[in-house]
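> got a sequence here, can you build the structure:
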Amino acid sequence: MKLTSRLALLAFAPVLLAAPACVSVKSMMKGPPTSAISNRLPALEIMADQGPLAMNDGALPEDPLKLFTQECHANLTEPTDTATFGYAKLVVKKVKTLRTGRGLQGIQVLTFLLPAVVGVPLEWYKTTLQAELQVSDASGNLIGSYVGTGTSAVKVAMYHGYSQTTAPRLADVIALRGAMAQIRPQLDTATARLRPLLLAGGTVDNPTLPSSSVVTGSR
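Sure, this is the predicted structure:
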């Protein structure tokens, strides 16, 4: 009887490991922390290039643009419904995701997942991501670029953690937000130089309003 129960558990283990945990990734996608730069840039066309993130198994194709648009509207640029004065493009330059602790899953299964039930993580997704923010005037001339690196460590757990279906995406999202958080103070320092250049360059012809939605890169 004990052998039959163990075999049944082994058969259903992949289902249990992929079952949704109690925490949702949606809360991380609602918006960045409010930490506006002291002198916002004029309204810009917002673009994103997934770069190597397009080959990762985590973030969705639309995530970089969505996160960057939220960051610009919350912290970096002035609102507008009439004109934009240049371009802000976020480019993912490097990304690396490691899965650690997977060896523990065999022990978890052999012990009827009791460690997982009491809160022991099944594994971790750890992402390191480098992103560059490129600011260009209305003619497309690059006038500033700023680089940031973000990291994350997201645990897969049955209760106090995330499922194996949501953890990879969350790891990428947290790392991307971390990279943007590093870029923000650099941009704050550079605003005094960038703002006059953007305004002097005039407005973008045929702007996409109320906000831009250009993303490049595909899986």
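
> only C-alpha atoms from now on, for both contacts and neighbour counts.
Noted.

> residue 184 - nearest residue in space that isn't next to it in sequence?
For residue 184, the nearest residue in space outside its immediate sequence neighbours is residue 37; the separation is 7.2 Å by Cα to Cα, 6 or more residues apart in numbering.

> wait, what's in contact with residue 172?
Applying Cα atoms under 8 Å, 6 or more residues apart in numbering, one finds that residue 172 lies in contact with 58-59, 127, 129, 152.

> for the residues you listed, which one is nearest residue 93?
The closest of those to residue 93 turns out to be residue 129 (Cα to Cα; 7.7 Å).

> tell me the spacing between that closest one and residue 55.
Residue 129 sits 13 Å away from residue 55 when distances are taken as Cα to Cα, to the nearest Å.

> elements contacting the helix or strand where residue 88 lies?
Using DSSP states H and E, residue 88 falls within strand 87-100. Packed against strand 87-100 by the contact rule (3 or more Cα pairs under 8 Å, 6 or more residues apart in numbering; DSSP states H and E) you find strand 45-49, helix 63-71, strand 123-136.

> mind saving the C-alpha coords of that strand as CSV?
In CSV, the C-alpha atoms belonging to strand 87-100 read as follows (Å, rounded to 0.1, in the frame of the first residue of the first chain):
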residue,chain,number,x,y,z
TYR,A,87,12.0,59.3,-28.1
ALA,A,88,12.7,57.2,-25.0
LYS,A,89,13.7,53.6,-25.9
LEU,A,90,14.4,50.9,-23.4
VAL,A,91,16.8,48.2,-24.8
VAL,A,92,17.4,44.9,-23.0
LYS,A,93,21.1,44.3,-23.5
LYS,A,94,21.8,41.2,-21.5
VAL,A,95,19.8,38.6,-19.5
LYS,A,96,20.6,35.4,-17.7
THR,A,97,18.3,33.2,-15.7
LEU,A,98,19.5,30.4,-13.4
ARG,A,99,17.3,27.8,-11.8
THR,A,100,18.8,26.7,-8.4
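
> how far does it sit from the chain's center?
For strand 87-100, the gap between its own C-alpha mean and the chain's C-alpha mean amounts to 8 Å (Cα atoms, centre = their mean, to the nearest Å).

> okay, angle between that strand and strand 123-136 too, please.
An angle of 160 degrees separates the directions of strand 87-100 and strand 123-136 when computed by axes from the mean of the first three to the mean of the last three Cα atoms, to 10 degrees.

> which residues touch strand 87-100?
For strand 87-100, contacts defined as Cα under 8 Å, 6+ apart pick out 44-53, 64-65, 68, 123-138, 140.
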